[in-house]
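Asks: Can you look at this prediction? I've put the sequence above it.
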Amino acid sequence: MSDTITPAPARSKVNRWLAIALIVSVAINLGFAGFGAVRYFKYREFAERRGWQIEDQVARRLPDNARQAFRQAFEEGRKGGNVSHHQMRRDLSSALGAEPYDHNRLAAVLDEHRRRLDQLQAGMQAGMLAAADAMTPEQRREFAERMLRRGPKHMRGEMPPPPPPRN
């Protein structure tokens with residue numbers, strides 16, 4: 001008997017690189033899917049988390065002596081519960097998608113949202129007044145300069161370039 005051993009077919013280099021590319025592609029796609037899932041489940045109500053609301057962001061930038069005055073005046077000036085923007089969107093969506101459409105229900109939802117936003121704005125303004133009263137003149141000047149460092153350049157005293165001429 002003749003034992004002939006047939007050699008295994010040689011894998012081409014192209015197949016090897018395709019397999020590596022497939023593995024890398026799957027890993028990258030899994031990374032993106034995981035990133036998206038984390039953002040959806042962890043941060044879908046991002047604005048509702050304490051510390052990420054606008055009043056907390058403003059208070060963090062204030063000097064220590066003005067921070068407490070701001071928070072206290074904000075709570076007193078707003079005269080209501082938290083403004084949940086996520087809940088506001090759900091209420092609006094529910095009113096818009098209701099069958100049959102009810103104009104009065106949608107108007108009531110929009111009025112309620114306007115009232116909540118007005119309360120938030122009143123609290124922010126009361127807080128800023130109290131914080132400004134609590135700051136020294138030097139702190140007020142520094143805070144005002146810090147405010148101008150953020151935002152577009154034309155807000156910092158520099159004028160934006162003129163638009164190009166139209167032909």
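Replies: That came through fine.

Asks: quick one: low-confidence ranges for this structure?
Replies: 1-3, 7-11, 43-52, 79-84, 150-161, 167 (pLDDT under 70).

Asks: ok, which stretches of it are helices?
Replies: Remark: helices assigned in the chain by DSSP state H are 13-43, 54-60, 64-78, 85-97, 103-134, 137-149.

Asks: Can you lay out the ones you listed as CSV showing distance to Pro165 and mean neighbour count?
Replies: Heads up, the C-betas are built off the backbone N, CA and C, glycines and all. CSV is the format used below for the helices of the chain (distance: least, Cβ to Cβ, whole Å; neighbours: other Cβ atoms under 10 Å):
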stretch, distance to Pro165, mean neighbour count
helix 13-43, 44, 10
helix 54-60, 40, 14
helix 64-78, 47, 18
helix 85-97, 42, 13
helix 103-134, 40, 16
helix 137-149, 30, 12
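
Asks: Pipe the ones you listed into JSON lines and attach distance to Thr4 per row.
Replies: Shown next, in JSON lines, are the helices of the chain (distance: least, Cβ to Cβ, whole Å):
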{"stretch": "helix 13-43", "distance to Thr4": "26"}
{"stretch": "helix 54-60", "distance to Thr4": "78"}
{"stretch": "helix 64-78", "distance to Thr4": "87"}
{"stretch": "helix 85-97", "distance to Thr4": "73"}
{"stretch": "helix 103-134", "distance to Thr4": "83"}
{"stretch": "helix 137-149", "distance to Thr4": "81"}
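
Asks: between these, which gets nearest to Thr6?
Replies: Smallest distance to Thr6 across those (Cβ to Cβ): 19.3 Å, for helix 13-43.

Asks: And that closest one, how far out from the chain middle?
Replies: Using Cα atoms, centre = their mean, to the nearest Å, the mean C-alpha position of helix 13-43 is found 26 Å from that of the whole chain.

Asks: Now for Ala59: which residues touch it?
Replies: When contacts are counted by Cβ atoms under 8 Å, 6 or more residues apart in numbering, Ala59 touches Arg67, Phe70, Arg71, Phe74, Gly127.

Asks: mind redoing it with 10 Å?
Replies: The neighbours of Ala59, taking Cβ atoms under 10 Å, 6 or more residues apart in numbering as the test, are Gln53, Ala66, Arg67, Gln68, Ala69, Phe70, Arg71, Phe74, Gly127, Ala131.

Asks: what's the spacing between the fifth one and Arg90?
Replies: The span separating Ala69 from Arg90 equals 34 Å under the rule Cβ to Cβ, to the nearest Å.

Asks: swap in the third one?
Replies: Here Arg67 is placed at a distance of 32 Å from Arg90 (Cβ to Cβ).
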